[in-house]
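Chemist: coords please:
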Amino acid sequence: MTSTSQPTPGAQERVARELRALRVVPVITINDPAHAVALATALVEGGLPCAEITFRTAGAGEALRRIRDAGVPLLAGAGTVLTPQQADAARDAGARFVVAPGLNPAVVEHCLGMEMPVFPGVCTPSEVERALALGLQTLKFFPAEAMGGVPFLKAIAAPYHMVDWMPTGGVSPQNLGSYLALGRVIACGGSWMATPEMIAKGEFTTIREEAARAAALAGTRSTPSTEAGQA
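Modeler: Residues are numbered from 1 along each chain as shown. You can find the predicted model right below:
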């Protein structure tokens with residue numbers, strides 16, 4: 001399916017540049033929006049001023065809204081967006097980008113139509129080519145580890161030298177560096193620095209410390225390879 005819409009270069013590329021600079025995107029599942037501002041503050045203080053707030057819970061939109069209204073300097077996005085209606089809710093709550101687990105043309109085209117940066121999930125060559133036909137060149141590789149991890153990503157990326165990647169799903173401190181060493185990987189999504197249990201217990205000092213460790217790991221990565229076929 002080919003779209004006549006194209007992502008606004010300014011918005012799409014600007015967010016992609018910010019994600020590339022951060023290198024790690026905390027993937028957040030939050031049940032109680034009352035924790036949102038403290039969580040966002042902990043991530044910022046830890047050196048990871050970004051969060052993908054997943055729409056897996058009823059409080060996701062309110063959490064985004066509270067972060068926005070509090071003025072926390074966080075690059076806030078919405079994750080697990082499955083419908084155009086959720087994309088609208090994310091935009092209205094202050095999300096600056098949308099992430100989806102799969103490639104739903106209806107969601108992608110709706111986001112492009114309202115100039116919202118969108119990063120859908122793919123894990124097969126056919127899905128990559130469908131995303132390219134829709135006008136996208138930065139894609140989420142999901143579920144990364146379950147699909148074969150770094151070796152699989154190298155293989156699938158080889159024919160698509162124009163695509164940038166955001167691996168998510170099973171990324172951890174142990175394998176983060178291996179993903180970030182691939183030249184076409186702009187950032188990795190991970191939840192270990194702010195798990196739902198940590199958030200629910202109000203362990204924001206621990207979250208700040210884990211965010212700092214993740215930022216340090218990303219900052220000490222090896223120089224990415226830009227050779228063709230190296231993601």
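Chemist: Give me the residues contacting the longest helix belonging to the chain.
Modeler: In the chain, with assignment by DSSP state H, the single longest helix is helix 204-219. When contacts are defined by C-beta atoms under 8 Å, 6 or more residues apart in numbering, helix 204-219 is touched by residues 22-24, 26, 38-39, 41-43, 45-48, 173, 176-177, 180, 190, 192-194, 198-199. Every residue, glycine included, has its C-beta placed from N, CA and C.
Chemist: can you do 6 Å?
Modeler: Applying C-beta atoms under 6 Å, 6 or more residues apart in numbering, the contact partners of helix 204-219 are 23-24, 38, 42-43, 45-48, 173, 176, 193-194, 198.
Chemist: tell me which residues in it are buried?
Modeler: Across helix 204-219, burial judged by 16 or more other C-beta atoms under 10 Å covers Phe204, Ile207, Arg208, Glu210, Ala211, Ala212, Arg213, Ala214, Ala215, Leu217, Ala218.
Chemist: and those as JSON lines, adding pLDDT and distance to Ile156?
Modeler: Listed next are those as JSON lines, based on pLDDT from 0 to 100; distance: C-beta to C-beta, whole Å:
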{"residue": "Phe204", "pLDDT": "98", "distance to Ile156": "37"}
{"residue": "Ile207", "pLDDT": "98", "distance to Ile156": "33"}
{"residue": "Arg208", "pLDDT": "98", "distance to Ile156": "35"}
{"residue": "Glu210", "pLDDT": "98", "distance to Ile156": "30"}
{"residue": "Ala211", "pLDDT": "97", "distance to Ile156": "30"}
{"residue": "Ala212", "pLDDT": "97", "distance to Ile156": "32"}
{"residue": "Arg213", "pLDDT": "97", "distance to Ile156": "29"}
{"residue": "Ala214", "pLDDT": "97", "distance to Ile156": "25"}
{"residue": "Ala215", "pLDDT": "97", "distance to Ile156": "28"}
{"residue": "Leu217", "pLDDT": "95", "distance to Ile156": "24"}
{"residue": "Ala218", "pLDDT": "95", "distance to Ile156": "23"}
